[in-house]
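Trainee: Below are the sequence and a predicted model; questions follow.
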Amino acid sequence: MSATTPLRLSGESSLRAGRRLPGVDPLLLFAAVGLSLCSVVVLHALNGSAYYAGEYKRQAIFSGLGLLVALAISRFDYSRLREFRYVIYGLAIVLNLAVFAFPAPGGAAGASQRRIPLPGFTFQSSTFGMVLVILALSAFAVERSRRMSEHRTTARILLLGLVPAMVVMAEPDLGDALVYGVIAYAVLFFLGTSWKHLAALAALVLVATVAVLTVAPAVGVNVLHGYQRERLTTFLNPTCNTAKDTYCYQLEHGLIAIGSGQKTGTGPARASQATGGFLPQASSDFVFATLGEMYGFVGAAVVLSLYALLIWRTLRIVTMAKNLFGTLVAGSILAMLMFQIFVTVGMNMGIMPITGIPLPLMAYGGSSVITTFTAIGLLESIYVQARMSSAGKSLALTA
């Protein structure tokens, strides 16, 4: 051995190799990219309608940018974000409040303001705020993990989740506000909060819902706007009047679209509900009904299978996270995705209320697509860090 050659420990080279970032979860990435491609295919089929012209091109650009964001985040150690929990939470509140600084547009949105107008793009801050709230609440929960059985811990986390939800509700955006509530509940669930606390919260939500929808209006107190109540209750009335009830009309034509697709679909050329203007918001709220009409049971089965794969891989990442923070982040993303998928698909099938929640990676919209890919990037980061931690421990034992 040369006098200038340094001595090396037997396992040093292996440990250095173990520090290299492993690859991302290919199946999770496959599901996300597959859903994005399905979205572009459906939106391309709608391109013949002047109302939806060019949306497939913009959706492809949004998906490409989102994929780059996800890959970039996957190479970053998500655990470092815990240190910035106050900044992240404050940013979520500021972004959601920022929409009130702009004049509310009229039209179909009911004179509500939910977006921040930017050059060539409108940014829906409430959608992106979901990821910020997931990170902030998860970090706050980790700090209180040793006192998770206390009522005070449950109350604090719930309050931190309800503040941005109430801001979003005031925009008004009922659908996204519900997602914020689901995120807060998911953080408590994956933190290991007492079942008594969780059951009490569920009962409280049920009682509050009944009170808001029935008791309050009966005594002249309107917590929700009239159209919001109609959205939440129309699906319960199968004999509603489509000529007078806008949301009844939407539900009926959504069901007609799905039913007319049968096994293999009518094809884009004969999709009269979606391309003929009968199905409202065919590229966003009712994109699943559009898919069902054009590509039938086969097309819907492909998309639902991709969602099942997405959920399965996310659930696996929940179980393999290297720390509690990763578990809470992944678990909250899992709850967010499952809620969005279940409610939106159910809405298109007439078994859930119309909430305006976008179908992840399928519905047209840059804010939703990029936000979902940001969440995918966080999941990939948790996966990469978990594999690296496991590999490091194995190499240390064998060194």
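Mentor: Thanks, I have it.

Trainee: What are the boundaries of the helices in the stretch 251-399 of the chain?
Mentor: 272-275, 287-320, 324-348, 366-398 (DSSP state H, counting those that start in this stretch).

Trainee: Repeat that for the stretch 51-200 of the chain.
Mentor: Going by DSSP H, counting those that start in this stretch, the stretch 51-200 of the chain shows helices at 55-74, 85-98, 125-143, 151-169, 174-191, 195-210.

Trainee: Let me know which of these is tucked in deepest.
Mentor: Greatest average neighbour count among the helices of the stretch 51-200 of the chain goes to helix 125-143 (a mean of 24), per mean count of other CB atoms under 10 Å. Using the backbone N, CA and C atoms, a C-beta is placed for each residue, glycine as well.

Trainee: one step back: let me have the helices of the stretch 251-399 of the chain in JSON lines, extended by mean pLDDT.
Mentor: Listed next are the helices of the stretch 251-399 of the chain as JSON lines, based on pLDDT from 0 to 100:
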{"stretch": "helix 272-275", "mean pLDDT": "84"}
{"stretch": "helix 287-320", "mean pLDDT": "96"}
{"stretch": "helix 324-348", "mean pLDDT": "95"}
{"stretch": "helix 366-398", "mean pLDDT": "87"}
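
Trainee: for those helices, which one sits closest to Tyr89?
Mentor: Minimum separation from Tyr89 across these (CB to CB) falls at helix 324-348, 13.9 Å.

Trainee: If you count neighbours, what's buried in that closest one?
Mentor: 325-341, 343-345, 347-348 (16 or more other CB atoms under 10 Å).

Trainee: Next, the angle from that helix to helix 174-191.
Mentor: Counting by axes from the mean of the first three to the mean of the last three CA atoms, to 10 degrees, helix 324-348 lies at 140 degrees to helix 174-191.

Trainee: tell me the angle helix 324-348 makes with helix 366-398.
Mentor: Going by the same axes, to 10 degrees, helix 324-348 makes 140 degrees with helix 366-398.

Trainee: Now do helix 324-348 against helix 287-320, angle only.
Mentor: Using the same axes, to 10 degrees: helix 324-348 against helix 287-320 is 160 degrees.

Trainee: which strands and helices sit next to helix 324-348?
Mentor: helix 125-143, helix 174-191, helix 246-261, helix 287-320, helix 366-398 (3 or more CB pairs under 8 Å, 6 or more residues apart in numbering; DSSP states H and E).

Trainee: which parts of the longest one are buried?
Mentor: Using 16+ other CB under 10 Å as the burial criterion, the residues of helix 287-320 that qualify are 287-296, 299-300, 303, 306-307, 309-310, 313-314, 316-318, 320.

Trainee: Low-confidence regions, the chain specifically.
Mentor: Low-confidence segments of the chain, defined by pLDDT under 70: 1-20, 104-113, 149, 212-213, 215-247, 392-399.

Trainee: hmm, back to that, CSV please, covering the helices of the stretch 51-200 of the chain and showing distance to Met388.
Mentor: Listed next are these as CSV, based on distance: least, CB to CB, whole Å:
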stretch, distance to Met388
helix 55-74, 12
helix 85-98, 23
helix 125-143, 20
helix 151-169, 29
helix 174-191, 22
helix 195-210, 33
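
Trainee: For Ser36, find the nearest of the ones you listed.
Mentor: Nearest to Ser36 among the helices of the stretch 51-200 of the chain is helix 55-74 (3.9 Å), distances taken as CB to CB.
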